[in-house]
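Q: Sharing a sequence plus its predicted fold:
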Amino acid sequence: MEKPKVFVSRRIPVDGLDRIIELGDVELWEEDLEPSYDVLLEKVVGADGLVCLLTDRIDDQLMDAAGDQLRVISQMAVGFDNIDTKAATERGIAVGHTPGVLTDTTADFAFTLLMAAARRVAEGARYVQEGHWKTWGPTLLMGYDVYGSTLGLVGSGRIGQAVARRASGFNMRILCYDPFVDEDVITAFGAESTSLENVLSESDFVSLHVPLTRETRHMIGASQFRDMKSTCVLVNTSRGPVVDTEALYHALKDGEIAYAALDVTEPEPIPFGDPILTLDNCLIVPHIASSSIATRTQMSTMVADNLAAGLKGEVLPYCANPEIYG
């Protein structure tokens with residue numbers, strides 16, 4: 001019996017990859033950078049299964065290029081805004097993702113960024129590395145206290161709630177804006193439900209935890225920065241396009257807000273030479289919020305589980321388009 005053909009768009013942790021290789025005739029993209037869209041179009045032809053990442057555009061044209069035999073798309077990510085799930089459902093293709101597993105890991109990192117920005121950790125490290133540290137200084141690199149301050153959450157899903165639990169240990173007042181979650185749910189995890197305007201104007205730290213949709217694209221822009229305190233720190237571990245990068249640059253440069261700490265950017269990666277990289281009050285890291293050994297390993301095995309089920313015609317354990325099963 002002929003083995004199913006599978007294309008894997010990037011090397012993933014070995015625990016999941018080894019299982020995937022056992023499932024069929026697997027072609028692995030070995031390069032550090034993701035394949036271009038044109039390369040993807042070529043590689044998926046005749047594939048029964050596709051393993052992909054957020055950096056891959058998976059649209060109706062690509063699904064048609066693959067052919068009618070394509071049964072499953074298994075993505076190593078919680079989000080799947082890069083995949084046209086409607087087109088997949090119309091073609092009978094199951095789409096898998098990796099939800100839940102990275103909640104606490106990402107919440108840890110969001111709070112890491114918050115603390116690092118508040119206490120200017122990256123600036124301090126550069127100060128030492130560049131040879132500027134000559135003595136203890138009473139006003140050197142003064143930052144902001146986290147304990148007893150106000151945290152504003154934009155979005156209160158699993159990750160937002162996990163960040164709130166960490167904030168409670170710092171005796172923070174927690175404000176939350178999420179029009180899709182009942183007020184009693186928000187109150188139950190120790191936050192106050194309020195408007196976006198109140199979250200922005202009253203918070204010392206604003207942390208973003210929303211999916212990327214038409215409504216959330218650039219939901220934090222020039223107008224929102226004007227609503228924030230001049231001492232506010234913005235943290236984004238959600239999706240880069242939730243924040244208008246150009247507006248953020250001007251807000252930081254002009255002192256409308258104090259600091260930004262970003263795990264995600266628009267575009268991503270941020271181009272070397274972008275003016276925002278010249279700012280001392282902007283900390284940017286390369287989309288590593290979920291990058292712990294345990295979490296990424298578990299994500300890879302979930303990818304393998306989804307792929308195996310899809311190739312067998314079984315229900316995916318972690319399905320992004322469950323409507324495909326009626």
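A: Here it is on my side, so go on.

Q: would Val39 count as being in a helix?
A: Yes. Counting by DSSP: H, G, I helix; E, B strand; the rest coil, Val39 is found in a helix.

Q: end to end, how far does stretch 311-326 reach?
A: Stretch 311-326 has its terminal residues 19 Å apart, counting by Cα to Cα, to the nearest Å.

Q: do stretch 275-293 as well
A: Using Cα to Cα, one end of stretch 275-293 lies 33 Å from the other.

Q: residue boundaries of the helices in this protein?
A: For the chain, the helices defined by DSSP state H occupy 14-23, 37-43, 60-66, 85-90, 103-118, 121-129, 158-168, 183-188, 196-202, 222-227, 245-253, 293-312.

Q: Now tabulate those in CSV and tack on distance to Pro322, mean neighbour count and mean pLDDT.
A: Backbone N, C-alpha and C define where each C-beta goes, glycine included. Shown next, in CSV, are those (distance: least, Cβ to Cβ, whole Å; neighbours: other Cβ atoms under 10 Å; pLDDT from 0 to 100):
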stretch, distance to Pro322, mean neighbour count, mean pLDDT
helix 14-23, 22, 16, 97
helix 37-43, 25, 15, 98
helix 60-66, 18, 18, 98
helix 85-90, 9, 17, 98
helix 103-118, 20, 22, 97
helix 121-129, 42, 13, 97
helix 158-168, 18, 21, 97
helix 183-188, 23, 13, 95
helix 196-202, 30, 19, 98
helix 222-227, 34, 17, 98
helix 245-253, 34, 19, 98
helix 293-312, 12, 20, 98
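
Q: Dump the ones you listed to CSV, plus distance to Glu268.
A: Listed next are the helices of the chain as CSV, based on distance: least, Cβ to Cβ, whole Å:
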stretch, distance to Glu268
helix 14-23, 23
helix 37-43, 16
helix 60-66, 20
helix 85-90, 21
helix 103-118, 16
helix 121-129, 19
helix 158-168, 18
helix 183-188, 30
helix 196-202, 24
helix 222-227, 20
helix 245-253, 10
helix 293-312, 18
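
Q: Tell me which residue lies nearest the centroid of this protein.
A: Taking Cα atoms, centre = their mean, the centroid of the chain lies closest to Ser238, which sits 4.2 Å from it.

Q: I'd assumed Leu208 was in contact with that one.
A: Yes. Between Ser238 and Leu208 there is a contact under Cβ atoms under 8 Å: 4.6 Å.

Q: With Thr85 as the reference, measure out to the residue nearest to the centre of the chain.
A: According to Cβ to Cβ, to the nearest Å, Ser238 and Thr85 sit 19 Å apart.

Q: okay, now the domains of this structure?
A: 5-101+293-325, 103-284 (automatic domain parsing).

Q: Could you report the neighbour count for the nearest residue to Cys176 once chain neighbours are set aside?
A: Leaving aside its sequence neighbours, Cys176 sits nearest to Ala191 (Cβ to Cβ, 6 or more residues apart in numbering; 4.0 Å). Ala191 has 28 neighbouring residues, counting by other Cβ atoms under 10 Å.

Q: Now for Ala191: which residues touch it?
A: Leu153, Ser156, Ala164, Ile174, Leu175, Cys176 (Cβ atoms under 8 Å, 6 or more residues apart in numbering).

Q: how near is the third one to Ala107?
A: To tie it back to what came earlier, the one meant is Ala164. 9 Å.

Q: List the beta-bridge partners for Arg173.
A: Counting by DSSP bridges, Arg173 is bridged to Thr150.

Q: Gly152 is in contact with that one, correct?
A: No. When contacts are counted by Cβ under 8 Å, Arg173 is not listed as touching Gly152 (9.5 Å).

Q: Compare these two (neighbour count), which wins?
A: Gly152 (28 against 16).

Q: which neighbours do Ser238 and Leu208 share?
A: With Cβ under 8 Å, 6+ apart as the test, Ser238 and Leu208 both reach Gly155.

Q: quick one: buried residues of stretch 206-217?
A: For stretch 206-217, burial by neighbour count (16 or more other Cβ atoms under 10 Å) applies to Val206, Ser207, Leu208, His209, Val210, Leu212, Thr216.

Q: what mean pLDDT would you report for that stretch?
A: Throughout stretch 206-217, pLDDT has a mean value of 95.

Q: For Val6, which non-adjacent residue is closest in space?
A: Nearest residue to Val6, sequence neighbours excluded (Cβ to Cβ, 6+ apart): Gly49, at 4.3 Å.
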